[in-house]
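Engineer: got a predicted structure plus its sequence, pasted below:
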Amino acid sequence: MRLSLNSRLSTISALLPALLVMLVVYIGATSWTVWMSLTNSRMLPNNNFVGLRQYELLLGNDRWITSVHNIVIYGVLFVSLALLVGFLLAVAIDQRVRAEDTIRSIYLYPYSMSFVVTGLVWQWLLNPTLGIQHVLRSWGFEGATFDWIVRPETAIYCLVIAGVWQASGLVMAIMLAGLRGVDEEIWKAARVDGLPKWRVYVSIIIPMMGASFATAAVLLSTAVVRLYDLSVAMTNGGPGIASEVPAKFVMDHLFERANIGLATAAATTMLITVIAVVAPYLYWRARKGEVR
């Protein structure tokens with residue numbers, strides 16, 4: 001009994017620092033943010049309760065509506081294209097190609113870069129006076145135009161291009177692990193039946209990789225909600241507010257516009273969005289574990 005008690009005390013003492021960090025940093029900070037969103041705090045926080053007034057102002061703010069519209073466009077395109085490109089890369093590598101380790105490292109390399117570096121690189125590539133358009137015209141293609149980054153109606157799609165370029169490597173790694181877990185007997189049976197490869201992937205392999213697709217989709221979706229660095233580095237929300245995103249809205253109102261109440265209301269809305277994305281996935285994993 002004494003050994004068991006000592007073991008429990010050792011376990012508790014080892015977990016106590018992490019528990020305190022979780023309580024103070026995560027739960028404490030989150031609770032403070034939610035409370036501030038219910039006050040009329042401006043430059044400095046206060047406890048003047050105003051109910052849901054900040055959320056009413058938020059929903060009537062044109063800049064916030066634009067940022068939500070942009071993040072929906074970015075999210076749908078980013079998640080779907082990253083899953084598609086990552087899966088195709090994984091399928092290509094799964095063919096036992098030569099120099100597989102080198103190719104896999106090349107595909108994964110963009111993911112090791114920060115969004116700031118990615119944004120700066122793609123800002124240069126898409127800059128009409130320095131990047132792709134300039135190179136094409138210097139080669140004699142005088143009519144070549146690729147100025148999406150300076151046009152309000154297409155700026156958000158530039159963020160999608162850069163985001164997919166960076167995240168596809170991560171999806172490739174997840175999908176490749178799923179493909180390598182497929183029983184070789186399935187491929188042998190498909191060859192005996194004379195099924196074309198694309199039919200095997202669509203009808204058999206992809207349904208079997210539901211867990212891989214779900215994991216990748218959740219990781220990509222949480223990255224969408226947290227999108228900030230890429231937008232600031234590439235366009236700074238411009239031209240105008242054409243590529244504004246919710247995280248930039250929060251940071252601008254928190255530090256530049258001195259409106260803590262509105263900023264925390266936007267942050268709380270983002271938190272609810274993340275919970276709405278992650279909770280079904282966690283429930284599905286829990287149910288799957290119970291079934292097993």
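Structural biologist: Structure's in. What do you need? Remember, predicted model here, so these are calculated numbers, not experimental data.
Engineer: what helices and strands are in contact with the host helix or strand of Leu159?
Structural biologist: Element membership of Leu159 [criterion: DSSP states H and E] is helix 155-180. With contacts taken as 3 or more CB pairs under 8 Å, 6 or more residues apart in numbering; DSSP states H and E, helix 155-180 sits against helix 62-93, helix 100-112, helix 115-126, helix 210-225, helix 229-234. Just so you know, the C-beta spots here come from the backbone N, C-alpha and C atoms, and that holds for glycine as well.
Engineer: now these in TSV, with mean pLDDT and distance to Ala190?
Structural biologist: Output for those, formatted as TSV (pLDDT from 0 to 100; distance: least, CB to CB, whole Å):
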stretch	mean pLDDT	distance to Ala190
helix 62-93	92	15
helix 100-112	85	23
helix 115-126	89	39
helix 210-225	87	19
helix 229-234	90	40
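Engineer: make CSV out of these and add mean neighbour count.
Structural biologist: Listed next are these as CSV, based on neighbours: other CB atoms under 10 Å:
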stretch, mean neighbour count
helix 62-93, 19
helix 100-112, 14
helix 115-126, 18
helix 210-225, 18
helix 229-234, 23
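Engineer: let me have the ones you listed in a markdown table, adding distance to Gly51 as columns.
Structural biologist: Converted to a markdown table, those look like this (distance: least, CB to CB, whole Å):
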| stretch | distance to Gly51 |
| --- | --- |
| helix 62-93 | 19 |
| helix 100-112 | 43 |
| helix 115-126 | 36 |
| helix 210-225 | 25 |
| helix 229-234 | 31 |
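Engineer: which one of those lies nearest to Ser13?
Structural biologist: Judged by CB to CB, the one of the helices and strands packed on helix 155-180 that comes nearest to Ser13 is helix 210-225, at 32.1 Å.
Engineer: got the contact list for that closest one?
Structural biologist: 71, 74-75, 78-79, 82-83, 86, 163, 167, 170-171, 174-175, 177-178, 206, 246-247, 270, 273-274, 277-278, 281, 284, 288 (CB atoms under 8 Å, 6 or more residues apart in numbering).
Engineer: that one versus helix 155-180: what angle between them?
Structural biologist: 160 degrees (axes from the mean of the first three to the mean of the last three CA atoms, to 10 degrees).
Engineer: tell me how far helix 210-225 lies from the chain's centre.
Structural biologist: 8 Å (CA atoms, centre = their mean, to the nearest Å).
Engineer: cool, and stretch 129-149?
Structural biologist: That offset, for stretch 129-149, works out to 30 Å (CA atoms, centre = their mean).
Engineer: what of stretch 174-190?
Structural biologist: Taking mean C-alpha positions (CA atoms, centre = their mean), stretch 174-190 and its chain are 27 Å apart.
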